[in-house]
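Engineer: here is a sequence with its predicted model. Questions after.
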Protein chains: 2
Amino acid sequence: MKLALVGIGKIAVDQHVPAIAASPDWEVGATVSRAGTLPGVEAFTDMARMLEKRPDIRVVSLCLPPVPRFAYAQAAIRAGRHVMLEKPPGASLSECHALEALARENRVSLYATWHSREAAMVRPARNWLSDKRVTRAHITWREDVRHWHPGQDWVFEPGGMGVFDPGINALSILTRILPAPVHLTRATLDVPGNRQTPIAAHLTLSGNVTAEFDWLQTGKQTWEIEVETPEGTLLLQDGGARLLIDGKERGADDEDDTLQGEYPRLYDNFARLVTRGGIDMDLSPLTHVADAFMLGERRAVAPFDW
Amino acid sequence: MKLALVGIGKIAVDQHVPAIAASPDWEVGATVSRAGTLPGVEAFTDMARMLEKRPDIRVVSLCLPPVPRFAYAQAAIRAGRHVMLEKPPGASLSECHALEALARENRVSLYATWHSREAAMVRPARNWLSDKRVTRAHITWREDVRHWHPGQDWVFEPGGMGVFDPGINALSILTRILPAPVHLTRATLDVPGNRQTPIAAHLTLSGNVTAEFDWLQTGKQTWEIEVETPEGTLLLQDGGARLLIDGKERGADDEDDTLQGEYPRLYDNFARLVTRGGIDMDLSPLTHVADAFMLGERRAVAPFDW
């Protein structure tokens, strides 16, 4: 199936293009981007024009930042195209609800992707926890914004979510692996004096679950979730790529899962979703982020510059 | 039916107690409050003790501020009681989802009330708009926090929502009367330098809908929603108590609705909900507030003191 890739920036080039190239299901039939293009692929700068000129393309994958994404998704769905959304699926919960309603109305598939959920050991972690009682869990998500988002000012602008841009990846794994839902009860958000969104956050959720997000971590980067149960302690490392139970590493070959990489799995999921028809839109990670903004205590911290 | 009234503060005394006294369905069988009591009614300071000692009371109405409310609601539902929640139904969306799941599990009724939706002319407004196309809408909600929440510091603490405490009333009416859903696209939040939550806010929603919330309005208080359609302009005034179409006032007697007052209607709704069983938990007003906190641009304004 041909798809249009919309928003040819860092995430598209680093992740989407290789995943599509390696997929037996997909090829890029067109791009829509103000600046980026792909070699040998018809390039549009205007979404409406692509939708009009390329009726052969029934599927659109959106890799734009969250704030402008809604208008593109809306246009694609109204034009009867199936849509795949980079995470987070929108800049607001209510626009996600609106997209979902629009997709139902237009009988197209809509897929809100959470790439971190496709990390190799997330499913094994979920399976291991499924029959256990969680007594404590802690997320440690520390990375260097200057390395991962160099010069991308939009992450610190309203709607850009700040450190929740990576933090929502952790929350997407947490909400996938825990055997029962949790809810936010307290948060502190550290916001640089010259910016709008937090550069660090501490969350407290029900059920003895805590999270620590930090965007100023140089050197070793940490993406870890530790979950304690009476039967032992689970540790997901490297953003879900490694799994240890009581310190002993589990291999992915314990599971029937041969497809490699987060984005290849997303495109594989999407191919199956489009084939069977339907909507896959789990908003729980975004709900926790919205709750943190609503409920969080803000502390002013040192100004941030690239 | 006997109910326990939990949180005997200003809203309980001003609104809940008179509404219950006037109701043919309800009487207050007990109170739970750290400080407040009602004459001739058994008073508890501990929720667990009330739930244990008064098995005859099957229904609990919670008038506490949003942050502490969850624990009381959870205890009541787990003890098999039906629960009515003051607005907003929680300090976070995820805790509302948790309460709803818990109520289903325990097969009790749960009612997230939005008192402003019960203002006399909200239903006539909804009916008038139901077959019309909205071309523009604007909310003006200006009141004096010192008059309505004297000394209540919790409204400016994290989770207290600030000017969204009254603003959510406007949003509860808006989401009830508009014929199609809208979503937030932009917000500015004016936060006093010495406080955590906004004292004023401007919202822009899809479909040419805007809102202006202000908590420093002395003198005349304004709670107005204007909605333009090709067939004429609707104006809800006084928080929904008055309705004008193209400047001409409509009377409540145009509608079959004899019950007077917002809180009497809430308790009437709740009696019917408990009788037939079920959950009434529309989170759309709270979703717009969470979106405004997540998406809003914060501006520091003058410190606020009582």
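Structural biologist: Ah, there it is.

Engineer: tell me the residues of chain A that contact chain B?
Structural biologist: A:70, A:91-95, A:97-98, A:101, A:158-159, A:161, A:181-187, A:196, A:206, A:284, A:287-291, A:293-298 (C-beta under 8 Å from any C-beta of the partner chain). Quick note: C-beta positions are derived from backbone N, CA and C, even for glycine.

Engineer: which among those residues end up buried?
Structural biologist: A:70, A:91-95, A:97-98, A:158-159, A:161, A:182-187, A:196, A:206, A:284, A:287-291, A:293-296, A:298 (16 or more other C-beta atoms under 10 Å in any protein chain shown).

Engineer: neighbours of A:Glu42, how many?
Structural biologist: A:Glu42 has 16 neighbouring residues, counting by other C-beta atoms under 10 Å in any protein chain shown.

Engineer: what segments of the stretch 51-200 of chain A are helices?
Structural biologist: For the stretch 51-200 of chain A, applying DSSP state H, counting those that start in this stretch gives helices covering A:66-78, A:93-106, A:122-129, A:145-148, A:164-177.

Engineer: list the contacts for the closest residue to A:Ala75 other than its chain neighbours?
Structural biologist: Nearest non-adjacent residue to A:Ala75, counting by C-beta to C-beta, 6 or more residues apart in numbering or on different chains: A:Met47, 5.4 Å away. With contact set as C-beta atoms under 8 Å, 6 or more residues apart in numbering or on different chains, A:Met47 has these partners: A:6, A:32, A:72, A:75-76.

Engineer: okay, those residues in JSON lines with pLDDT, distance to B:Ala125 and neighbour count next?
Structural biologist: Shown next, in JSON lines, are the contacts of A:Met47 (pLDDT from 0 to 100; distance: C-beta to C-beta, whole Å; neighbours: other C-beta atoms under 10 Å in any protein chain shown):
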{"residue": "A:Val6", "pLDDT": "97", "distance to B:Ala125": "40", "neighbour count": "27"}
{"residue": "A:Val32", "pLDDT": "97", "distance to B:Ala125": "41", "neighbour count": "26"}
{"residue": "A:Tyr72", "pLDDT": "97", "distance to B:Ala125": "34", "neighbour count": "20"}
{"residue": "A:Ala75", "pLDDT": "97", "distance to B:Ala125": "32", "neighbour count": "17"}
{"residue": "A:Ala76", "pLDDT": "98", "distance to B:Ala125": "34", "neighbour count": "30"}
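
Engineer: follow-up on the earlier one: tell me the most buried of the helices of the stretch 51-200 of chain A?
Structural biologist: Burial of these is given as mean neighbour count (mean count of other C-beta atoms under 10 Å in any protein chain shown); helix A:164-177 ranks first at a mean of 25.

Engineer: from the residues of chain A next to chain B, which ones fall inside strands?
Structural biologist: Judged by DSSP state E, the subset of the residues of chain A next to chain B located in strands is A:184-187, A:297-298.

Engineer: biggest separation within those, which pair?
Structural biologist: The largest separation in these, counting by C-beta to C-beta, is between A:Thr185 and A:Arg298 at 16.8 Å.

Engineer: domains in chain A, by residue range?
Structural biologist: If you go by automatic domain parsing, the domain ranges for chain A are A:2-112, A:117-253+A:289-301.

Engineer: of all those domains, which lies closest to B:Thr113?
Structural biologist: Once the domains of chain A are compared by C-beta to C-beta, domain A:117-253+A:289-301 is nearest, at 19.4 Å.

Engineer: ends of that closest one, how far apart?
Structural biologist: 31 Å (C-alpha to C-alpha, to the nearest Å).

Engineer: contacts for the least confident helix or strand in chain A by mean pLDDT, please.
Structural biologist: In chain A, no helix or strand scores lower on mean pLDDT, DSSP states H and E than helix A:10-11, which sits at a mean of 88. Contact with helix A:10-11 is made by A:63, A:86, as judged by C-beta under 8 Å, 6+ apart.

Engineer: can you dump the C-alpha coordinates of whatever helix or strand comes next after that helix into PDB?
Structural biologist: For helix A:10-11, the following helix or strand on the C-terminal side (DSSP states H and E) is helix A:17-22. Coordinates of each C-alpha in helix A:17-22 appear next as PDB, following Å, rounded to 0.1, in the frame of the first residue of the first chain:
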ATOM      1  CA  VAL A  17      11.500   6.200   6.300                       C
ATOM      2  CA  PRO A  18      13.700   3.200   7.200                       C
ATOM      3  CA  ALA A  19      10.700   1.400   8.800                       C
ATOM      4  CA  ILE A  20       8.600   1.900   5.600                       C
ATOM      5  CA  ALA A  21      11.600   0.900   3.400                       C
ATOM      6  CA  ALA A  22      11.900  -2.400   5.300                       C
END
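
Engineer: quick one: list the elements packing against helix A:17-22.
Structural biologist: strand A:2-6, strand A:27-32, helix A:262-276 (3 or more C-beta pairs under 8 Å, 6 or more residues apart in numbering or on different chains; DSSP states H and E).

Engineer: so which of those is nearest B:Ala302?
Structural biologist: strand A:2-6 (43.6 Å).

Engineer: A:Ser61 and A:Met84 touch, don't they?
Structural biologist: Yes. In this structure, A:Ser61 is within contact of A:Met84 by C-beta atoms under 8 Å, at 4.4 Å.

Engineer: need the overlap of contacts for these two.
Structural biologist: Residues touching both A:Ser61 and A:Met84 by C-beta under 8 Å, 6+ apart: A:3, A:270.

Engineer: still on that earlier bit, mind checking the helices of the stretch 51-200 of chain A for the one nearest to A:Ile225?
Structural biologist: helix A:164-177 (6.1 Å).

Engineer: could I get the average pLDDT for the closest one?
Structural biologist: Averaging pLDDT along helix A:164-177 gives 98.

Engineer: just the C-alphas of that helix, formatted as CSV.
Structural biologist: Only the C-alpha atoms of helix A:164-177 are listed here, as CSV (Å, rounded to 0.1, in the frame of the first residue of the first chain):
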residue,chain,number,x,y,z
PHE,A,164,6.7,15.2,28.8
ASP,A,165,7.7,14.8,25.1
PRO,A,166,10.0,11.9,26.2
GLY,A,167,8.1,11.4,29.5
ILE,A,168,4.9,10.4,27.6
ASN,A,169,6.9,7.5,26.2
ALA,A,170,7.5,6.2,29.7
LEU,A,171,3.8,6.8,30.5
SER,A,172,2.8,4.9,27.4
ILE,A,173,4.9,1.9,28.6
LEU,A,174,3.6,2.2,32.2
THR,A,175,0.0,2.2,31.1
ARG,A,176,0.6,-0.8,28.9
ILE,A,177,2.4,-3.0,31.4
